[in-house]
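Q: sequence and computational prediction follow.
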Amino acid sequence: MKIKYESHKFKKSNLDQIAIVNEIIELYLPKNLILTLRQLFYQLVIRNVIVNSEKAYRNLGNTVKKARNAGLTDWDGIEDRGRLPHYQTQFKNAQALINAAIRQYRLPRWAGQDWYCELWTEKDALSNILAVMAKQYHITMMVDKGFGSTSSLHDAADRFIAHKDAKHKAILYLGDFDPSGEDMVRDLRRRMKFYGANVEVRKIALTFDQVKQYNLVPNPVKKKDSRSRSFIEKYGESSWEVDALPPDVLHQLVEDAILKVLDMDKYNEVIEREDADKELLEEMKDKFNTDNPDGDDADDDDDSDEADGEDGEDS
């Protein structure tokens, strides 16, 4: 939605940039893919609209902020995933709670599968995009924000160990292709083993082959990183952020990785059982409505703990 809060006189170059920003947003928003400012920035760099520099990134943030305030750019197309409110769950009435329970009812959809998997990323900026796939395939998602803490990795190891019926276990991992990003995979494998979990760590993005395949925008390797020397010897002095992958490509990579291990026949059988249970729950709801004729059969409030915003823009 575009809402005008103030007027602003833009230069022609800024208006041209805003037009391309709107085209990119309109490409992804119908797919329910909301970009961060950083992802939008990479899309503009790939299109040779702006250069790949921190100054250009800051200027873009300023332009986008003014464009949104002036009613030129959709507020729903960009979000700040690092500054989100945490809402408390609430319902308008008891019937709304029942409606929510029916909609959210899930059985353990990976029950009986040969694999138990989780979807991990080091980048909080990817969380909302990946959450769409995580919800679709009922897979646990973890945002590790760099090298994992002792507590988070110990707890994760316990989760994997608890799935005793699974023949195989894996972390489907997304991270930057840079010295630290590559070392996080090694570190994750070592620490899962240290805490007693036999887990395969599959880096599904970002890889060097993907960098070349999608012609991603490079950044200089941070030479202060103690891991940079061996990385530079092998790959050169450029590094790449996983954020540079187009959102639809990220979705496809994640879906392909999940479908390699997920038996969809077994998965759909569980969903069929869910649907049968939901019919029973609907009958219970109807009985409740009959016994409580004065209740307002309204939908519940959305109990999501996320909200839209901007990544890197001035408040």
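A: That came in fine, so what should we check first?
Q: contacts and neighbour counts: CA atoms only from here.
A: Fine.
Q: quick one: mean pLDDT for the helix or strand harbouring residue 64?
A: Secondary structure assignment for residue 64, by DSSP states H and E: helix 54-69. For helix 54-69, mean pLDDT rounds to 96.
Q: do stretch 130-140 as well
A: On average, stretch 130-140 scores 94.
Q: list the buried residues of it.
A: 130-131, 133-134, 137-139 (16 or more other Cα atoms under 10 Å).
Q: may I have it exported as CSV, CA atoms only?
A: Provided in CSV are the C-alpha atoms of stretch 130-140 (Å, rounded to 0.1, in the frame of the first residue of the first chain):
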residue,chain,number,x,y,z
LEU,A,130,12.9,-18.9,4.5
ALA,A,131,10.0,-19.0,6.9
VAL,A,132,7.6,-19.4,4.0
MET,A,133,9.3,-22.6,2.9
ALA,A,134,9.7,-23.8,6.5
LYS,A,135,6.0,-23.4,7.1
GLN,A,136,5.1,-25.1,3.8
TYR,A,137,7.2,-28.2,4.6
HIS,A,138,6.7,-28.1,8.4
ILE,A,139,10.5,-27.9,9.0
THR,A,140,12.2,-26.4,12.1
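Q: give me the residues contacting that stretch.
A: With Cα atoms under 8 Å, 6 or more residues apart in numbering as the test, stretch 130-140 has contacts from 109-110, 117-119, 141, 250-251, 254-255, 258.
Q: closest one to residue 89 out of the buried residues of stretch 130-140, please.
A: The shortest gap between residue 89 and any of the buried residues of stretch 130-140 belongs to residue 131, at 19.2 Å (Cα to Cα).
Q: among the buried residues of stretch 130-140, which are in helices?
A: 130-131, 133-134 (DSSP state H).
Q: make a markdown table out of those and add distance to residue 101.
A: Compiled in a markdown table, these are given as follows (distance: Cα to Cα, whole Å):
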| residue | distance to residue 101 |
| --- | --- |
| 130 | 24 |
| 131 | 20 |
| 133 | 21 |
| 134 | 19 |
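Q: list the helices and strands the helix holding residue 64 packs on?
A: In terms of contacts (3 or more Cα pairs under 8 Å, 6 or more residues apart in numbering; DSSP states H and E), helix 54-69 is packed against helix 12-28, helix 37-46.
Q: okay, those helices in JSON lines with distance to residue 279 and mean neighbour count next?
A: Converted to JSON lines, these look like this (distance: least, Cα to Cα, whole Å; neighbours: other Cα atoms under 10 Å):
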{"stretch": "helix 12-28", "distance to residue 279": "35", "mean neighbour count": "15"}
{"stretch": "helix 37-46", "distance to residue 279": "42", "mean neighbour count": "22"}
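Q: could those helices go into CSV alongside mean pLDDT and distance to residue 157?
A: Below are those laid out as CSV (pLDDT from 0 to 100; distance: least, Cα to Cα, whole Å):
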stretch, mean pLDDT, distance to residue 157
helix 12-28, 95, 36
helix 37-46, 92, 32
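Q: just to revisit the earlier point, buried residues of the helix holding residue 64, list them for me.
A: 57-58, 60-61, 63-69.
Q: just to revisit the earlier point, switch the helices and strands packed on helix 54-69 over to CSV; also include distance to residue 103.
A: As requested, these are exported to CSV (distance: least, Cα to Cα, whole Å):
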stretch, distance to residue 103
helix 12-28, 26
helix 37-46, 32
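Q: what is the rounded mean pLDDT of the longest helix along the chain?
A: When every helix of the chain is counted residue by residue (DSSP H), the longest turns out to be helix 264-291. Regarding helix 264-291, the rounded mean pLDDT is 88.
Q: swap in stretch 242-256?
A: Here the average pLDDT along stretch 242-256 is 94.
Q: distance from that stretch to the middle of the chain?
A: 10 Å (Cα atoms, centre = their mean, to the nearest Å).
Q: what segments of the stretch 151-300 of the chain are helices?
A: For the stretch 151-300 of the chain, applying DSSP state H, counting those that start in this stretch gives helices covering 179-194, 208-213, 228-235, 247-259, 264-291.
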